[in-house]
Each structure stands twice: as structure tokens, then as C-alpha cells.
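>>> The sequence isn't on hand, but the structure is:
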């Protein structure tokens with residue numbers, strides 16, 4: 001078991017330009033996209049929040065789900081991660097992108113329960129790639145992440161933390177929906193399950 005509180009934070013602050021906007025409410029088989037990772041997070045963690053911009057259109061949420069508002073600029077995933085860490089007030093945060101419909105309870109639970117041994121982050125690696133949008137960040141990561149330039153690539157920013165790496169056997173949980181064709185692919189995968 002975890003020795004202290006870990007909060008789940010579903011990131012929903014992206015503009016969704018590539019999919020046509022309002023990504024959190026884009027429907028995947030009749031259900032808003034955001035609700036898929038939100039459900040997995042709620043099965044894995046006791047406290048789960050959504051992190052979004054003030055103007056983000058969200059689907060109706062359970063009253064137990066708080067929405068933490070991130071800054072309007074910059075439009076960068078680090079904005080949501082840093083807001084989650086600030087609002088968590090010293091607790092560790094397991095973040096998951098709001099466009100990951102196949103993220104699993106087991107993956108999120110593994111991240112939440114991991115012993116960190118002083119590492120500022122725990123980042124899965126699947127198919128040879130780091131997955132910083134489904135990872136655990138300790139409060140200590142906030143200082144380094146919030147000092148970075150807006151144009152830094154997220155993977156580079158997280159790699160600079162020298163995170164502990166969690167080798168994950170497949171990249172299925174990290175599939176994210178960015179384009180209309182990704183939505184079609186996700187629907188086909190759900191049909192096949």
C-alpha cells in the first residue's frame with residue numbers, strides 16, 4: 001500500500017484542434033472521451049480530479065469530481081501537470097491524459113502504489129517510448145517542471161527529472177485520440193473487445 005496520499009488527475013486542458021475542438025466531450029461509442037480514463041482512475045485511486053482550462057467544455061461529471069483550473073497559457077501538457085502538483089499541496093499525483101480511452105486500472109494502480117525511492121517521477125516506457133502523460137509525479141517535480149521554457153518537448157522535460165522508469169509490456173493503454181481517424185481506430189478496438 002502507498003504510505004501517503006496519491007491523487008489521480010485526468011488532464012483535459014488541451015485545445016483539441018486536431019480533432020475539431022472540445023475533445024473532452026467528443027463521443028467514442030456514445031460516451032464522452034474524457035469519461036474513459038476518468039473511470040479507470042476512479043477504480044484505481046481514492047481521490048480523482050479533472051484538470052482543465054476555465055473555458056474547457058467538459059461532460060457532466062459526478063459531484064465528487066473536483067475540477068482544478070489551470071492557466072490559460074501556455075497550451076502545453078506541462079501546464080496541467082504543474083497545476084495538478086500545485087493543487088495537490090504536497091501529495092503525489094498520477095496524471096493521465098483525458099484522451100487515453102484504454103488506460104487501465106491496473107496501470108494506474110501500479111503507478112499509485114509504487115515505492116519511489118527518492119525519484120521525482122515514475123514514467124512508464126512502452127514500445128521503447130516514455131509515456132509522460134500517464135505517469136506519477138512527486139511534489140518535488142514541480143520546481144523543475146515549472147521552470148522550463150514553453151517550447152520544451154514534454155518527453156525532454158520529464159527525462160530531465162531522471163525519472164524512475166516503469167517498463168510496461170504493451171503500448172495499448174497509452175493509445176491516445178488526437179485525430180478523427182484515431183477516434184475511428186479506438187471505436188474499432190472497442191468493438192473487438
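Looks like it came in fine. Bear in mind that the values here come from a model prediction, so they are computed numbers and not experimental data. Numbers count the residues shown, from 1 in each chain.

>>> For residue 7, give me its contacts.
Contact partners of residue 7, counting by Cβ atoms under 8 Å, 6 or more residues apart in numbering, are 45, 47, 48, 49, 84, 88, 91, 92, 93, 94. Where you see a C-beta, it was placed from the backbone N, CA and C, and this is true even at glycine.

>>> Okay, and the beta partners of it?
residue 47, residue 93 (DSSP bridges).

>>> Relative to residue 127, how far out is it?
28 Å (Cβ to Cβ, to the nearest Å).

>>> Please apply the same query to residue 80.
Noted for residue 80: a distance of 24 Å to residue 127, by Cβ to Cβ.

>>> quick one, which of those two is more surrounded?
residue 80 (27 against 11; other Cβ atoms under 10 Å).

>>> Now that one: closest residue in space, sequence neighbours ignored.
Spatial nearest neighbour of residue 80, excluding adjacent residues (Cβ to Cβ, 6 or more residues apart in numbering): residue 11 at 4.1 Å.

>>> give me the beta-bridge partners of the one you found?
Beta-bridge partners of residue 11, as defined by DSSP bridges: residue 51, residue 97.

>>> For this structure, just list every one of the helices.
35-44, 77-87, 105-113, 141-146, 154-159, 180-191 (DSSP state H).

>>> Using JSON lines, lay out those together with distance to residue 171 and mean pLDDT.
JSON lines is the format used below for these (distance: least, Cβ to Cβ, whole Å; pLDDT from 0 to 100):
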{"stretch": "helix 35-44", "distance to residue 171": "15", "mean pLDDT": "98"}
{"stretch": "helix 77-87", "distance to residue 171": "18", "mean pLDDT": "94"}
{"stretch": "helix 105-113", "distance to residue 171": "11", "mean pLDDT": "97"}
{"stretch": "helix 141-146", "distance to residue 171": "23", "mean pLDDT": "91"}
{"stretch": "helix 154-159", "distance to residue 171": "14", "mean pLDDT": "92"}
{"stretch": "helix 180-191", "distance to residue 171": "12", "mean pLDDT": "92"}
